[in-house]
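>>> sequence and predicted structure, then a few things I'm wondering about:
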Amino acid sequence: MSRVVAALLFAAVAAVVAGSARPGASQPGASQPGAVPSQTAHYQPPVALSKADAARLDRVIELLESIERNTAPARAVKAGPDRPAVAKTRCAGCHTPAKADKAGGGFILFGDDKATTLKPLSARERTRVKEAVESGAMPPDRALTPAERSALTQ
Ligand code: HEC
């Protein structure tokens, strides 16, 4: 469970427990007219969850779990594809050492011909990559998705 969901769950449990410990909820006699409040009326021992509260808590947990299930893919999209993977699928056709001269204008992006590693780029080369990708000039064949673009330019 993520920390956010755990915190929400804690708050939900606290709210339910606070609800069942409401003064008068378990001590109906205390609110009768003329009743003298006894010492014990001020002390509320920890109350076991009633069936109704337990059921409510179950629904809260179900809801939180469904929120977590539904937000997990969004987080995965945010993390996005990583740079070497994007470069390999979208740039390796023209920018490996072997292909760069003929197909990639001499610009080498990879450390080897199988594109398993990216070549360490100079600051100038990184700027050229950023500009080529952000302007949409590269790759020339098919536009990058926003996630691919940010993986390459971050
Ligand atoms: C279909 C072949 C092809 C693919 C795929 C391709 N490029 Fe290129 N790239 C070229 C060619 C040809 C040139 C040289 C001519 C030019 O600059 O347009 C070039 C030039 C470049 C340059 C040099 C630009 C400059 O400043 O002169 C960069 C940087 C670059 N590509 C990055 C990329 C990146 C990053 C990818 C992947 C997202 C990519 N290219 C994919 C063919 C390709």
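Happy to help now that I have it.
>>> contact residues of the chain facing the ligand?
90-91, 93-95, 103-105, 107, 128-129, 132-133, 137-141, 152 (C-beta under 6 Å from any ligand atom). Just so you know, the C-beta spots here come from the backbone N, C-alpha and C atoms, and that holds for glycine as well.
>>> swap in 5 Å and give it another go.
90-91, 93-94, 104-105, 107, 128-129, 132, 138-139 (C-beta under 5 Å from any ligand atom).
>>> buried subset of those residues?
Among the residues of the chain next to the ligand, the ones that count as buried by 16 or more other C-beta atoms under 10 Å are 90-91, 94, 104, 107, 129, 132, 138-139.
>>> would you turn those into a markdown table with pLDDT and secondary structure?
Output for these, formatted as a markdown table (pLDDT from 0 to 100; DSSP: H, G, I helix; E, B strand; the rest coil):
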| residue | pLDDT | secondary structure |
| --- | --- | --- |
| Arg90 | 96 | helix |
| Cys91 | 97 | helix |
| Cys94 | 97 | helix |
| Gly104 | 97 | coil |
| Phe107 | 97 | coil |
| Val129 | 95 | helix |
| Ala132 | 96 | helix |
| Met138 | 96 | coil |
| Pro139 | 96 | coil |
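>>> farthest-apart pair in these, please.
The most widely separated members of those are Arg90 and Phe107, with 13.9 Å between them, by C-beta to C-beta.
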